[in-house]
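Asker: Starting from these lines, generate the structure:
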Amino acid sequence: MKWIKPNIENQICTVTINNPPMNILTKEFREEFVPYMENLKSRTDVRVIILTGDGDRAFCAGADLNEEGELTPETVRYFLEEDCRIYDVVNEMPQPVIAAVNGYAFGGGFELILACDIRIMSDRAKLCAAGVKVGLVVGPTRLVRLMGEAYAKEVILTGRTVLANEALQRGLASKVVPHNTLMNEALDWAKMIASRAPIAVRNAKETIQKTMDVNWQEAMAFELDAFITCQDTQDHKHAIESFFNKQIPIFQGR
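Answerer: Purely as a prediction, here's the structure:
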């Protein structure tokens, strides 16, 4: 593959955006990335996904401004809907997606890390919604849902750059590590999640996401449904048996 470099090992799929040095998002990238991610959805041998950028400069510096500059009022909505498939497919993945943020995450790159479930950052990471700096609107919906209205307004209306340590302090990053240890840290998180019961992990992720769009009673109903689904799995029965036998369970996804 040309625009992404995927690698599957030990139930973890690492997907690297392969458009250095800035790993910008192009039409060609989208046409390769989206179908690949769609295919991963049904793969039971992949329990966790790590998304990162090639090289040391950027996770992803956003969309191709040359493509955006060619848009007309008649073509812009179709372009945006197609472009949003990059972020939406990440958000839709049944497997947890970890962003290993190795540098700049600007514009569309910022939107992409917001679509991920967990963000591990290099101490070199720099984030920026960037939209207002070029006369556009980027990222408010996802950032409000993740971080709340006040912080979203602060970041998006100013267009300022957020450094890794601020992202950690605000809860946008789960951990910040020295640059040369980023992928090892992301793999450690991925291995931890991959070691858990995969049916439970997928149901937990789905339930968490559904709570954003429904009232309390509906959210609790989803949660109970997920519990009932998982309670009847072989993994759950194996975990209970392992607990009483003082053993570490090895989950099979059944």
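Asker: okay, and the helix or strand of the chain with the least pLDDT?
Answerer: When the helices and strands of the chain are scored by mean pLDDT, DSSP states H and E, helix 65-69 comes last with a mean of 70.
Asker: Quick check: what element follows that helix along the chain?
Answerer: helix 76-92 (DSSP states H and E).
Asker: So, low pLDDT: which residues of the stretch 51-200 of the chain?
Answerer: 68-69, 71 (pLDDT under 70).
Asker: quick check, Ile193 in a helix?
Answerer: Yes - assessed with DSSP: H, G, I helix; E, B strand; the rest coil, Ile193 lies in a helix.
Asker: Use 717 as the first number from now on
Answerer: Done: numbering now begins at 717, and the last item shifts to Ile909.
Asker: Report whether the expected contact of it with Asp833 is present.
Answerer: No - assessed by Cβ atoms under 8 Å, Ile909 is found out of contact with Asp833, at 9.2 Å. (Glycine included, C-beta is placed from N, CA and C.)
Asker: and for these two, which residues touch both?
Answerer: Listed contacts common to Ile909 and Asp833 are Pro812; contacts here mean Cβ atoms under 8 Å, 6 or more residues apart in numbering.
Asker: So the protein: which segments form each domain?
Answerer: The chain is divided into the following domains under automatic domain parsing: 720-910, 914-960.
Asker: First-to-last residue distance for the longest one?
Answerer: Chord length of domain 720-910, first to last residue, is 22 Å (Cα to Cα, to the nearest Å).
Asker: Then the last one?
Answerer: By Cα to Cα, the extent of domain 914-960 from end to end equals 21 Å.
Asker: And Tyr803, how close does it get to Gly847?
Answerer: According to Cβ to Cβ, to the nearest Å, Tyr803 and Gly847 sit 14 Å apart.
Asker: Point to the residue nearest the middle of the protein.
Answerer: Nearest residue to the geometric centre of the chain (Cα atoms, centre = their mean): Cys832, 1.4 Å.
Asker: Does it touch Ala815 like I think?
Answerer: Yes - at 3.9 Å, Cys832 and Ala815 qualify as touching, with contact defined as Cβ under 8 Å.
Asker: what's the overlap in contacts for these two?
Answerer: Common neighbours of Cys832 and Ala815 (Cβ under 8 Å, 6+ apart) are Leu767.
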